[in-house]
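Undergrad: here's a sequence, model it:
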Amino acid sequence: MKPLIVLIVSFVLAMVVLLLLHHQYEWAFAGRISMAIMLFFTASAHFAFSKGMEMMMPPSIPYKKFLVAFTGVLEVLGGIGLLIPSLRYLAGICLIIFFVAVLPANIYAAMQSIDYQKGTTGGNGLRYLWFRVPLQILFILWVYFSAVAH
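TA: Numbering: from 1, shown residues only. Next up is the predicted model:
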């Protein structure tokens, strides 16, 4: 829920600032700014809650600590890429692939009731998927329409 709030609030703020600065609506640019902010926010969780993030992956996955840090770095790089005009399209494609690639970890975490912030199995469980899967689709569409198709 927090990433969605960050995304929407930063989008509204970006739209207002861009409107004041450029006297026109720049929804795609505001979309890229807000997605970058959201990615920086979610990347911070990879470092602040690394134990819980490691728990989101099945036991058979090796190098969990590295993968958690690596995916956090990828989120930061993706966010930066969205803000650089020459990298916007490539960053968008890479982020769409990234959002698809991490969905299984979110599904596994829900199946195991992982609370990544506490590093426990006291999370929301499968009912979380009713929110998470549509949220992931929203992220994909958001990036597509603000960076790839624009």
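
Undergrad: Tyr108 reaches Met56, doesn't it?
TA: Yes: under the criterion of CB atoms under 8 Å, Tyr108 makes contact with Met56 at 6.4 Å. (Each C-beta comes from the backbone N, C-alpha and C, glycine too.)

Undergrad: for the two, indicate the residue with more neighbours.
TA: Met56 (23 against 15; other CB atoms under 10 Å).

Undergrad: which ones are touching that one?
TA: Contact analysis of Met56 by CB atoms under 8 Å, 6 or more residues apart in numbering lists 105-106, 108-109, 114, 116.

Undergrad: for Ala147, same thing?
TA: Neighbours of Ala147 in contact, by CB under 8 Å, 6+ apart: 28, 31-32, 35, 82, 88-89, 91-92, 95.

Undergrad: Ala36 versus that one, what's the distance?
TA: Applying CB to CB, to the nearest Å, the value for Ala147 to Ala36 is 10 Å.

Undergrad: intersection of neighbour lists for these two?
TA: Leu82.

Undergrad: what about the spatially most central residue of the chain, distance to Thr71?
TA: Ranked by distance to the mean C-alpha position of the chain (CA atoms, centre = their mean), the top residue is Leu39 at 4.8 Å. Remark: distance between Leu39 and Thr71 (CB to CB) = 11 Å.

Undergrad: ditto for His22
TA: Using CB to CB, His22 is found at 34 Å from Thr71.

Undergrad: what of Gln117?
TA: Distance from Gln117 to Thr71, counting by CB to CB: 17 Å.
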